[in-house]
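*Asks:* show me how the following folds:
(4 chains)
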2 protein chains.
Amino acid sequence: MSSRISDRLEESLDEGCEAKQPGRPRCPVTHQNILKATRELVEEVGYDSLTIEGIATRAGVGKTTIYRRWPNKASIVLNAFFEDLSPATTFPDTGNVREDLRRHLKKFVKELNGPLGCKISMLLANGQLDEEMAEAFRAQWIKPRRDEARQVIQKGIERGEIHQDIDPELLVDALYGPIYFRLLAGHAPLTPSFADSLTELVMSGLDG
Amino acid sequence: MSSRISDRLEESLDEGCEAKQPGRPRCPVTHQNILKATRELVEEVGYDSLTIEGIATRAGVGKTTIYRRWPNKASIVLNAFFEDLSPATTFPDTGNVREDLRRHLKKFVKELNGPLGCKISMLLANGQLDEEMAEAFRAQWIKPRRDEARQVIQKGIERGEIHQDIDPELLVDALYGPIYFRLLAGHAPLTPSFADSLTELVMSGLDG
DNA sequence: AAGATTACGATACGCTACGTTTCGATATTA
DNA sequence: TAATATCGAAACGTAGCGTATCGTAATCTT
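*Replies:* Take a look at the predicted model:
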């Protein structure tokens, strides 16, 4: 029930595992066509105006084929975007944790102004209406990135660049929370200088 | 076109301005019944399962009556919630800005764990799909609260409790952004101690 | 080679909700 | 009283949902 999306994602990643089941196999090209059509249509008409029938027409497949592979609209979109999102923004390694974080925030902010920003906010928004979607988004987007940032911070603590009393988990939120907030609320622009001054503000007073 | 919601909101606030137009006047009780039914139904079935026809039935009015007053679902919900949300969380005034902020964050976090949290996240989520909704949310929820917080911070700067180089705008984001982020992403709980340690983390190193 | 099994696209289905229109009745102003 | 605007009820055409059925195509098993 609560693992429907995960099941489908696994299923689609099982291509290497050739169990040689009887019957006609699913066409992998069709799979890609559907995901591509989904990505295109979301950018053209937005998530709420996106329809399964529209995807089917654009992809040149039957509606049945889509329902055979995904349970609902949300999971198709999720699947379509995670194939696109997967390559994580890697952290720089300047030897100085503060500088690493500053640069990463700057790069992240810059990317959020592009199509990535639309995708993230759309996935987060739909997470509010669909717990399944929210869970998948946390597991596949939020968590791996938080883990990476936390490791960088941990390294900074071990090197004595950040005070050892600081909770890495909290610091990650303090650094990235405001960025996500501006992305979603849109009350102020996501500029490179925002990333700079935010890093400075948050990191001041955290010396080891 | 882009002022539809605002128009309707004005319209509904014009009750004091008695222009004495001809014809049967709109029943104000009906108005309240519709908004009440909307609030109840959103809590019961969620925003996406909310239907105009459901609201009409619950409120005991015709569908026509609703469409005569609001252009779409989003604007009804917006209207219904802003009537409920209006009483802003007032800031404490302990004489110490740091303490004021800490207490306010704590109170805010506590409230977000209740129905307020559902409403905020729902409104923010729908703002991603509906720019009109986003604008109204910023104007009627985000902005007044940011203004209030910024004033408190400004006072702290003038009193010498916060360094004068600090951008109040940025500090507001640094304090409240992470809270909204946890609310929306749900990767970590919104606990009172989170508010405490977040305040401490952000405010450290900002002394006048 | 034959048969079983599964996916495919096309089509049709019942359903729900949309937003609009029409209607007779009702309340208010001039 | 006449004009005007709102009211609830009902019916409308439209769109998209998710499902079921169909004949065809591809692949595995025997």
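*Asks:* next, the buried residues of stretch A:159-177.
*Replies:* The neighbour-count check on stretch A:159-177 (16 or more other CB atoms under 10 Å in any protein chain shown) flags A:161-162, A:166, A:168-177 as buried. Heads up, the C-betas are built off the backbone N, CA and C, glycines and all.
*Asks:* is that stretch positioned near chain B?
*Replies:* Yes. In terms of CB under 8 Å from any CB of the partner chain, part of stretch A:159-177 sits within range of chain B, namely A:Ile166, A:Asp167, A:Glu169, A:Leu170, A:Leu171, A:Asp173, A:Ala174, A:Tyr176, A:Gly177.
*Asks:* one step back: need the buried residues of stretch A:159-177 in a markdown table (columns: distance to A:Lys63).
*Replies:* Converted to a markdown table, the buried residues of stretch A:159-177 look like this (distance: CB to CB, whole Å):
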| residue | distance to A:Lys63 |
| --- | --- |
| A:Glu161 | 56 |
| A:Ile162 | 54 |
| A:Ile166 | 53 |
| A:Pro168 | 47 |
| A:Glu169 | 44 |
| A:Leu170 | 47 |
| A:Leu171 | 47 |
| A:Val172 | 42 |
| A:Asp173 | 42 |
| A:Ala174 | 46 |
| A:Leu175 | 44 |
| A:Tyr176 | 39 |
| A:Gly177 | 40 |
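*Asks:* of all of chain A, which residue lies closest to DNA strand C?
*Replies:* Going by CB to the nearest atom of the strand, DNA strand C is nearest to A:Gly23 of chain A, at 2.0 Å.
*Asks:* burial check on that residue, number of neighbours?
*Replies:* Neighbourhood size, A:Gly23 [other CB atoms under 10 Å in any protein chain shown]: 5.
*Asks:* and it, what element?
*Replies:* Using DSSP states H and E, A:Gly23 is not contained in any helix or strand.
*Asks:* what do you get for A:Ser49?
*Replies:* Short version, using DSSP H and E: A:Ser49 is in no helix or strand.
*Asks:* which residues sit in contact with A:Gly95?
*Replies:* Counting by CB atoms under 8 Å, 6 or more residues apart in numbering or on different chains, A:Gly95 touches no other residue.
*Asks:* could you pull up phi and psi at it?
*Replies:* Backbone torsions of A:Gly95, given as degrees, to the nearest 10, read phi 90, psi -20.
*Asks:* any idea how far chain B is from it?
*Replies:* Distance, A:Gly95 to chain B, using CB to the nearest CB, to the nearest Å: 22 Å.
*Asks:* then A:Arg138?
*Replies:* 5 Å.
*Asks:* spatially nearest residue to that residue (excluding sequence neighbours)?
*Replies:* Counting by CB to CB, 6 or more residues apart in numbering or on different chains, A:Arg138 lies nearest to B:His187, which is 5.4 Å off, once chain neighbours are set aside.
*Asks:* let me know the distance separating that neighbour from A:Ala174.
*Replies:* For B:His187, the distance to A:Ala174 (CB to CB, to the nearest Å) stands at 14 Å.
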